Every structure is written in C-alpha cells, then in structure tokens.
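Undergrad: everything below, folded, please.
(3 chains)
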Amino acid sequence: MEAHRSNAIALCEWFRANARELPWRELPSPYHVWISEIMLQQTRVEAVKPYYMRFMERLPDVQALANCPESVYLKLWEGLGYYSRVRNLHAAAEQIMEQFDGRLPASKEELLQLKGIGSYTAGAIASIAFGLPEPAVDGNVLRVLMRLMDCKWDIAAASTKKQVETLLADWLTLDGIRPGELNQALMELGALVCVPNGAPHCADCPWQASCRSCQNQTWDQIPVKTPKRPRRIEEKTVFVIQNQDGVFFHKRASKGLLAGLYEFPNVEGFCTQEEALEAVKSFGLRPIRIRPITDAKHIFTHIEWHMKGYAVMVELGEAGTDLLYVDVEQAQREFSIPSAFRAYKQYIGVEVEK
DNA sequence: AAGGCGGGGTA
DNA sequence: TACCCAGCCTT
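TA: I've put the predicted structure just below:
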C-alpha cells in the first residue's frame, strides 16, 4: 500500500505542475463538471472546448437547461455526435429540478439515478465537484493502470473495470490525497504522457521508475482489447430539393441513429436519374429539373454511408408527405443537421442547371 | 456480454 | 486504413 501511496502522491504533484488549463477547470461547480463530463464522453478535449463555451453561455445553469426546447439544445450539440447525450442531459435537468431542488446531488448513488450518468461520470462529478473518494475509470485510466502493472486483462471486459474501480477506491482514501485531483491526474497522464496512439512519453512520466510496462518494454502490447466487428455499408440516394423560395428537409425518428435531427430527403439504394425523379414524385412533389451532384461517404463507428446525390428543382408547393419546407435562414437557425450530410449543404441555394 | 450510438484526430 | 477518444443505454 505504501508503494501505491508514493505513486499517487507523485502523480498528483506531476498533475499540479502539468495540468492543462481547460474551461471547465476554471470554476468546477457541479453543473460545470457535469456538462463537461457528458460532452467529453468518447470525445476529445479539443473538440469539446467550443461546444462547452457556447453551451454555458446559452444555458448557464440547471434551470435554463431544464426549460430549454429540443430544437435549441440539439442545435447547441450539432456536429458533436452521440445526440442521446444532450437528450439525456435535458431529461436529467428536469429530474434535478423536480427531485433535487435544482442542485446536483452530492453522492455517487444519487448521481447514478440521473439520465446519461453511468459509473464513470458519477465518479467524476462526485470526486471533482464534491471531493468524494469515488473512482472515475475511463479509457485513459484503464490504459495507464494496465501499463503500470504490466497487466494484460481485456479492458473491454466489465470485470476489468470493476477491478480497477476497486483498486482506485483504496488509493482515493489514502492520507493527503484529494480524490478529484487524483482522478483527473490519472486521465491527464493518459492524455499527455501515456498516450493511446504511438509510443508513450515515458521519459516525462512520474511513474517511470515504478511502471512495469516501461521496465518490460511491453507498452505496445497494452492495453489488450477485444476487437469490434466490422462496419456494415449502407447505400443511399440523397436529394437536395428546392424551389424558388426554400428547401425541403426531413426530421428523423426520435429514436435510433441521429434521432430527432434533420436530414436531406433520401432513399435506400443508389438511384438512376429516372429512379430519382420517381422518388421525388413519391414525396408528393413535381420535379422540374434534376442533375447529379457529388457522391459522398460518411463513416460512423458501426455503419458506413455511401451516398449518391441529386439536386432537384420542383414546382412551388408543399410536399404531400412528411417533408418540411423551409427557407434557408430558418434551416440554418433551427435545424440541427448531422455532419453526415456536410457534402450536400453547399448545394442549398444553388440554381439547378438543366 | 454484446451491440447501437457520431465525429474527428492520429499513426 | 484502423484505432481511439474523460461512456451510456438497451437487449
């Protein structure tokens, strides 16, 4: 246990000297920590920064978030990915207003009752915002500790995470340890020194002398992780349908992939120009002109979209189906459109040549 | 335990 | 190209 203590102390000293200045570290209130931790799930620090700043400006507290309409919070999340995060964030804000008098609860057990908060996030909020000795085990922490112990357990296994949580629970109650600091230090070490891609910067590591993986030169074998299965490919035809006044969009279903976001009307499979015209007619619209536009590919974690595009000019009038007809400004302002359709946004407002 | 769920950086 | 990122939820 004494070896653990000296490791923990050395890591915290390293952290105090090397911690990055991050927006959510300026004033780590429970709300600030909560929002930042949700945004940081499976998402890099640099990607989160501008979203975090804008989110805090627009929704500075739990009440503002609880009262926020879906279109606004989805727009604030547009492009960040994993959109159920912000849906759960909003639901949890309502939960906090109703059950906890507008303040985040100060226990891991209660935090776990909130939508979108699992073991890691509950531990992060409990330790960083409330100073409680709760572990916060993410991918960084698993990698760092597996290397420290030269341990080849599968980090994709739930049992591995449990073991690490149990180990850290002891570290966090050691004399002179600030739980929030140690948890952040473990993650910071993983982000800056014991990096996931390429060789770790062992010369800069506060654990260099005690790290088994460094001694045994096994860093490239650790962590062990079961591979995920290959992506499936889906072919789609995407339509940028316009008339003189506006453009047509479709709101996706409230569950599943890209839930609740807006998309260009599209159909399964690759359409010829003739088939494309038929598809547009099936939307309840009368095409005037059509031309092929760019192909595009978008890679999700588990799916690959291969897209073929057509720009279509249609007669004035609403669609007979569930398409929404809006002017460009309204679309920009109110519609959250996923990055998958980035290649087609440039055709909005562009004349369709014969 | 396994699969669904985004998007982008990096080697 | 493949892997990973301050993971969570559903089945």
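Undergrad: anything in the helix or strand containing A:Ile35 near DNA strand B?
TA: Here A:Ile35 sits within helix A:30-40, counting by DSSP states H and E. No. Helix A:30-40 stays clear of DNA strand B (C-beta under 7 Å from any atom of the strand), getting no nearer than 8.9 Å. The way it works is simple: take the backbone N, C-alpha and C, and place the C-beta from them, glycine included.
Undergrad: hmm, that helix touching DNA strand C?
TA: Yes. For helix A:30-40, a contact with DNA strand C is found by C-beta under 7 Å from any atom of the strand, at A:Ser36, A:Glu37, A:Leu40.
Undergrad: now, which of those sits nearest DNA strand B?
TA: Closest approach to DNA strand B among these (C-beta to the nearest atom of the strand): A:Leu40, at 9.2 Å.
Undergrad: helix or strand: which one has the nearest residue to the closest one once chain neighbours are set aside?
TA: In space, and not counting its chain neighbours, A:Leu40 is closest to A:Val48: 5.6 Å by C-beta to C-beta, 6 or more residues apart in numbering. Per DSSP H and E, A:Val48 falls inside helix A:45-58.
Undergrad: again, but for A:Thr294
TA: strand A:287-299.
Undergrad: ok, and what's touching that strand?
TA: Residues outside strand A:287-299 that contact it (C-beta atoms under 8 Å, 6 or more residues apart in numbering): A:231, A:238, A:240, A:273, A:276-277, A:280-281, A:304-315, A:339-344, A:347, A:352-354.
Undergrad: from the residues you listed, list the ones also adjacent to DNA strand B.
TA: Near DNA strand B, judged by C-beta under 7 Å from any atom of the strand, the entries from those are A:Ser339, A:Ala340, A:Arg342.
Undergrad: ramachandran angles for A:Glu304?
TA: phi -120, psi 120 (degrees, to the nearest 10).
Undergrad: hmm, back to that, packing partners of the helix holding A:Ile35?
TA: Contacts defined by 3 or more C-beta pairs under 8 Å, 6 or more residues apart in numbering; DSSP states H and E place helix A:30-40 against helix A:23-26, helix A:45-58, helix A:84-99, helix A:119-128.
Undergrad: and with 10 Å instead?
TA: helix A:23-26, helix A:45-58, helix A:62-66, helix A:84-99, helix A:119-128 (3 or more C-beta pairs under 10 Å, 6 or more residues apart in numbering; DSSP states H and E).
Undergrad: quick one: distance of the third one to the chain centre.
TA: Okay, so that is helix A:62-66. Offset of helix A:62-66 from its chain centre (C-alpha atoms, centre = their mean, to the nearest Å): 20 Å.
Undergrad: beyond it, next helix or strand please.
TA: Proceeding N to C from helix A:62-66, the next assigned helix or strand is helix A:70-77, under DSSP H and E.
Undergrad: and that next one, average pLDDT?
TA: The pLDDT scores in helix A:70-77 average 98.
Undergrad: for A:Leu27, list the residues it contacts.
TA: A:Val33 (C-beta atoms under 10 Å, 6 or more residues apart in numbering).
Undergrad: let me redo that: A:Ile117
TA: Applying C-beta under 10 Å, 6+ apart to A:Ile117 gives the contacts A:34, A:37-38, A:88-89, A:92, A:104, A:108, A:110-111, A:123-125.
Undergrad: and of those, the nearest to A:Glu181?
TA: Ranked by distance to A:Glu181 (C-beta to C-beta), those are led by A:Ala124 at 12.3 Å.
Undergrad: nearest spatial neighbour of the closest one, skipping sequence neighbours?
TA: A:Ala136 (4.1 Å).
Undergrad: what's the answer for A:Lys251, then?
TA: Distances taken as C-beta to C-beta, 6+ apart place A:Tyr262 nearest to A:Lys251, at 5.6 Å, with adjacent residues excluded.
Undergrad: how many neighbours does that neighbour have?
TA: A:Tyr262 has 21 neighbouring residues, counting by other C-beta atoms under 10 Å.
Undergrad: for the closest residue to A:Val350 other than its chain neighbours, give me phi and psi.
TA: Closest residue to A:Val350 apart from its sequence neighbours, by C-beta to C-beta, 6+ apart: A:Ala311 at 7.1 Å. For A:Ala311, the backbone dihedrals (degrees, to the nearest 10) come out as phi -100, psi 130.
Undergrad: equivalent analysis for A:Tyr344, please.
TA: With angles defined as degrees, to the nearest 10, A:Tyr344 sits at phi -100, psi -10.
Undergrad: give me the neighbour count for it.
TA: Neighbourhood size, A:Tyr344 [other C-beta under 10 Å]: 22.
Undergrad: how about the residues of chain A by DNA strand C?
TA: Within chain A, the residues that sit near DNA strand C (C-beta under 7 Å from any atom of the strand) are A:22, A:25, A:36-37, A:40-45, A:82, A:84, A:88, A:115-122, A:124, A:138-140, A:143, A:184, A:187-188, A:190-191, A:196-197, A:223, A:225, A:227, A:301.
Undergrad: what about 6 Å?
TA: Taking C-beta under 6 Å from any atom of the strand as the criterion, chain A approaches DNA strand C at residues A:22, A:37, A:40-45, A:82, A:88, A:115-121, A:124, A:138-140, A:143, A:184, A:187, A:190-191, A:196, A:225, A:227, A:301.
Undergrad: hang on, the earlier thing: mind putting the residues of helix A:30-40 next to DNA strand C into JSON lines with pLDDT?
TA: Below are the residues of helix A:30-40 next to DNA strand C laid out as JSON lines (pLDDT from 0 to 100):
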{"residue": "A:Ser36", "pLDDT": "98"}
{"residue": "A:Glu37", "pLDDT": "98"}
{"residue": "A:Leu40", "pLDDT": "98"}
